[in-house]
Structure formats: C-alpha cells, structure tokens
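A.B. asks: Based on what follows, work out the 3D shape:
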Amino acid sequence: MSATYKTSESKREEFRKYLEKEGVLDSLTKILVCLYEEPEKPINALDFLKQHLHGGSPESNDVETLRLELQELRTKHEAVVTENEALKAKLQEYETPAEEKEAES
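C.D. replies: Numbering: from 1, shown residues only. Reported below is the predicted structural model:
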C-alpha cells in the first residue's frame, strides 16, 4: 500500500511541477487574488474565473447587445441605400428634361 501511495504522490508532484512550469498556478493565483480583492463579489464566481482566464473576453450580455446593434445598423444601412437609389432616380428625372430643353434650344 505504501508503494501505491508514493507513486500517487510522485504523480501529483510531477503534475504540480508541470502546472507551475507552464504558468498555470501563477495565472490561477492572480485570478483568485483579483476575485478576493473585488469589492463587490460577482454573483457567479465561476463566470468571473472563466472571464479572467480567457483574458477578459466580453460578457455574453455585451456580445448580445453588440449583435443587436449590428443588426439595427445593417437595417438602417439598407434603408439609406434604398433611399439613396430612389433620390438618384428622382434626380435623373429632373436632369433629363433639362438636358432635353437645352437640346431643343
């Protein structure tokens, strides 16, 4: 039983060294310190950890807000393009009679 315990301990130590070498322990420690120092604790600590672990990626609410804004701007853009085409056609109607009058003169 002692041999199994030593093997298990050595595997844990080896894994701990790997995490330390790769900077995982340092990153997790920094994130946990941020959470500890946060004046208003987040409702979901796991989401806080995920957000900070991914380098502060935008929250899903922010992403959804931006998607809605993008859709709204695309709709406005289409309306402006349509209006622009209509105005160009109307302008062309007014320019054509003026050119015909000049040609008659």
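
A.B. asks: Could you find the closest non-adjacent residue to Leu25?
C.D. replies: Leu19 (5.1 Å; Cβ to Cβ, 6 or more residues apart in numbering). For glycine as for every other residue, the C-beta is placed from the backbone atoms N, C-alpha and C.

A.B. asks: Helix or strand: which one has that neighbour?
C.D. replies: Leu19 is part of helix 2-21, with elements assigned from DSSP states H and E.

A.B. asks: Now do the buried residues in that helix.
C.D. replies: Neighbour counts over helix 2-21 (16 or more other Cβ atoms under 10 Å) mark no residue as buried.

A.B. asks: got a list of contacts for it?
C.D. replies: Here helix 2-21 makes contact (Cβ atoms under 8 Å, 6 or more residues apart in numbering) with Leu25, Asp26.

A.B. asks: Send me that helix as CSV with only the CA atoms.
C.D. replies: Extracted in CSV, the C-alpha atoms of helix 2-21 (Å, rounded to 0.1, in the frame of the first residue of the first chain):
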residue,chain,number,x,y,z
SER,A,2,2.9,2.3,0.7
ALA,A,3,4.3,1.9,-2.8
THR,A,4,0.9,2.9,-4.3
TYR,A,5,0.8,6.0,-2.1
LYS,A,6,4.3,7.0,-3.2
THR,A,7,3.5,6.5,-6.8
SER,A,8,0.4,8.6,-6.4
GLU,A,9,2.3,11.3,-4.6
SER,A,10,5.1,11.4,-7.2
LYS,A,11,2.5,11.8,-9.9
ARG,A,12,0.8,14.6,-8.1
GLU,A,13,4.2,16.3,-7.5
GLU,A,14,5.1,15.8,-11.2
PHE,A,15,1.8,17.3,-12.2
ARG,A,16,2.2,20.2,-9.8
LYS,A,17,5.6,21.0,-11.3
TYR,A,18,4.2,20.8,-14.8
LEU,A,19,1.4,23.3,-13.8
GLU,A,20,4.0,25.6,-12.2
LYS,A,21,6.4,25.4,-15.2
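
A.B. asks: relative to helix 2-21, how tilted is the following helix or strand past that helix?
C.D. replies: Next along the chain after helix 2-21, taking DSSP H and E as the criterion, comes helix 24-37. Inter-element angle recorded for helix 24-37 and helix 2-21: 70 degrees (by axes from the mean of the first three to the mean of the last three Cα atoms, to 10 degrees).
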